[in-house]
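Colleague: Structure for this input, please:
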Amino acid sequence: MANFEYSPVDFLFTCLGLVFLLLDIVLDIWAVVSLYKEKEYVSLGILLLFLVGSSVLVQAFSWLWYSYENFRRETTVEKCVSVNLLNLLHWLQLGIYFRHAGVVEVSVRSFFSRLKGPDEDVAVFLSHDLSMLRLIETFSESCPQLVLMLTIILQRGELDPWTVLKAIGSASAVACSVTMYHRSLRSFLLDKEKQVVLSSIIYFLWNLLLVMSRITALALFASVLPCYIFTHFICSWFILFFFVWRSKTNFMENACGEWLYRATVGLIWYFDWFNVVEGRTRYKTLFYHGYILVDICLLVALWCWQITATETPYFEISPLNAKITAVSVAVAYMLGLLLKLMYYKFLHPNLDKEQLKGDDTEKSSPKSKPMMTEDVPDSARSAVIQLQSDTGTDETAFRTASPPDTKRCNKRMRKLAKNFYS
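Modeller: Predicted structure coming up:
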């Protein structure tokens, strides 16, 4: 089985992820307090809905993945709590932070260790799960918050410091999460198929253009027709969820988790494309981007009409500038599609699942094969037999004993890599 390497770049992104997490928490508290002081109770309620809903969703995935691993805890931070306490922490919305702390602990230990060993395997395994959880948090919290912040800025017609900082923080979280996710996918490529750094840059730019143009269109629409944005989301989510269900995904290990995953993918698709099944998805991708592009054009057209044809209490803008803004949003999305096409044409390797690192099941490394009594010297074997006669243990337990040296492969991220590269 191929080894996974935990590079200095991975360590850097782990540290950046922690910094952005702490910054996001501070900005969330600041945003809640500021909206409360300004008596913006509607915006405050929407913000709290995003924060609580995203937290519950991420904690649910974190707990389910712990349960799939039989609550296996491999870091010192995680071992400090019992299984029952770990369950309680997830109910209290604190379980994900133990994952972060565990990843930082084992990442630091692996980064400063000169020998490649279990710490590196655990660091890679945990960072893969964390990258997926951060991606879910990005599209369930950061993206909706960014829509809300931009809507507030547009409606007020002025740039408040806290709204600008929160918007920048949300955009940074989107950028960091997308990049970490792509690096996790790249780690499953064999050395001869390794993608160059330019692939991550293009991947980041295309996702940033697609996501930001989508978010801008939603914010423009919500600034003039705020009540209809919820109807738009619910109708769009039901359509996207139906297509996720028809795709017959197989990501989680039980039916309840799979339905939760499908609902989450519908939420992610509301903002950006996400590969969910193995095989060619060219026509599905074209249909999706065509649908989103038409939706963006409709949203910005309604905003442009509402701004120019009716009186708005928010701000004044000339019809020409409104049309330029609307066209620019649609052009930005098409530019993102062009970069995505360039990536798949020149930088994306199409591989079979056999050409990816890892396996769907954990395999022991060659040096950890079962220890047989025939491989033990006669003196040691006689001592073991004497010990077995004294303690009443069976020789089979000794014959099948093996050191706990197992190479771990994150089955969940490998499925996503298989979907992305196949």
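Colleague: what stretches of the stretch 201-350 of the chain score poorly on pLDDT?
Modeller: 279, 310-315, 350 (pLDDT under 70).
Colleague: just the helices in it please.
Modeller: For the stretch 201-350 of the chain, the helices defined by DSSP state H, counting those that start in this stretch occupy 226-246, 255-269, 282-309, 319-342.
Colleague: which of those helices sits most buried?
Modeller: Sort the helices of the stretch 201-350 of the chain by mean neighbour count, taking mean count of other C-beta atoms under 10 Å, and helix 255-269 sits at the top with a mean of 18. C-betas here are computed from N, CA, C, even on glycine.
Colleague: And the pLDDT for Gly169?
Modeller: We have a pLDDT of 67 for Gly169.
Colleague: So that it lines up with my notes, have the first residue be 45 from now on.
Modeller: Right, with 45 as the first residue, what we last looked at is Gly213.
Colleague: For Arg116, give me the backbone phi and psi.
Modeller: Here is the backbone geometry of Arg116 (degrees, to the nearest 10): phi -70, psi 120.
Colleague: what does stretch 286-306 rub up against?
Modeller: With contact meaning C-beta atoms under 8 Å, 6 or more residues apart in numbering, stretch 286-306 is reached by 101, 104-105, 108, 112, 285, 309-310, 313, 320-321, 328, 456, 459-460.
Colleague: Run the chain-centre distance for it.
Modeller: In terms of C-alpha atoms, centre = their mean, to the nearest Å, the centre of stretch 286-306 is set 16 Å apart from its chain centre.
Colleague: quick one: contacts of stretch 274-281?
Modeller: Contacts for stretch 274-281 (C-beta under 8 Å, 6+ apart): 262, 265, 310-311, 314, 339, 343.
Colleague: what about Leu150, how many neighbours?
Modeller: Wrong residue type there; residue 150 is Val, not Leu. 27 (other C-beta atoms under 10 Å).
Colleague: State the distance from it to Lys123.
Modeller: In this view, Val150 and Lys123 are 12 Å apart by C-beta to C-beta, to the nearest Å.
Colleague: One more: Leu174?
Modeller: Separation of Leu174 from Lys123 (C-beta to C-beta) stands at 18 Å.
Colleague: who's more crowded, the two?
Modeller: Counted by other C-beta under 10 Å, Leu174 and Lys123 do not tie: Leu174 has more neighbours, with 23 against 10.
Colleague: Confirm for me that the more buried one is in contact with Gly61.
Modeller: Yes - between Leu174 and Gly61 there is a contact at 7.2 Å, judged by C-beta atoms under 8 Å.
Colleague: can you list residues touching both of these two?
Modeller: Common contact partners of Leu174 and Gly61 (C-beta under 8 Å, 6+ apart): 144, 224.
Colleague: What helices and strands are in contact with the longest helix belonging to the chain?
Modeller: With secondary structure taken from DSSP state H, the chain has its longest helix at helix 52-81. Helix 52-81 makes packing contacts with helix 85-112, helix 139-155, helix 162-181, helix 205-230 when contacts are defined by 3 or more C-beta pairs under 8 Å, 6 or more residues apart in numbering; DSSP states H and E.
Colleague: Please parse the chain into its domains.
Modeller: Residue ranges for the domains of the chain, per automatic domain parsing: 45-234, 240-392.
Colleague: about what we covered before: possible to save the helices of the stretch 245-394 of the chain as CSV with distance to Phe464?
Modeller: Shown next, in CSV, are these (distance: least, C-beta to C-beta, whole Å):
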stretch, distance to Phe464
helix 270-290, 16
helix 299-313, 14
helix 326-353, 12
helix 363-386, 13
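Colleague: looking at these, which is closest to Cys220?
Modeller: Among the helices of the stretch 245-394 of the chain, the nearest to Cys220 by C-beta to C-beta is helix 299-313 (16.3 Å).
Colleague: If I take the closest one and helix 326-353, what angle do their directions form?
Modeller: Computed by axes from the mean of the first three to the mean of the last three C-alpha atoms, to 10 degrees, the angle separating helix 299-313 from helix 326-353 equals 50 degrees.
Colleague: ok, now how distant is the residue nearest in space to the middle of the chain from Arg117?
Modeller: Central residue of the chain (C-alpha atoms, centre = their mean): Leu179, 2.0 Å from the mean position. Going from Leu179 to Arg117 by C-beta to C-beta gives 23 Å.
Colleague: name the element the closest residue to Leu262 other than its chain neighbours belongs to?
Modeller: In this structure, Leu262 finds its nearest non-sequential neighbour in Val191, 4.9 Å apart by C-beta to C-beta, 6 or more residues apart in numbering. Per DSSP states H and E, Val191 falls inside helix 187-200.
Colleague: Tabulate the CA atom coordinates of that helix in CSV.
Modeller: Extracted in CSV, the C-alpha atoms of helix 187-200 (Å, rounded to 0.1, in the frame of the first residue of the first chain):
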residue,chain,number,x,y,z
CYS,A,187,-21.2,31.4,1.9
PRO,A,188,-24.7,32.2,3.4
GLN,A,189,-23.0,34.7,5.7
LEU,A,190,-21.2,36.3,2.9
VAL,A,191,-24.6,36.7,1.1
LEU,A,192,-26.0,38.3,4.2
MET,A,193,-23.0,40.7,4.7
LEU,A,194,-23.1,41.8,1.1
THR,A,195,-26.9,42.3,1.3
ILE,A,196,-26.5,44.5,4.4
ILE,A,197,-23.8,46.6,2.7
LEU,A,198,-25.9,47.1,-0.4
GLN,A,199,-29.0,48.0,1.5
ARG,A,200,-27.1,50.5,3.7
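Colleague: quick one: the residue nearest to the centre of the chain and Tyr225 touch, right?
Modeller: Yes - the criterion here is C-beta under 8 Å, and Leu179 meets it with Tyr225 at 4.9 Å.
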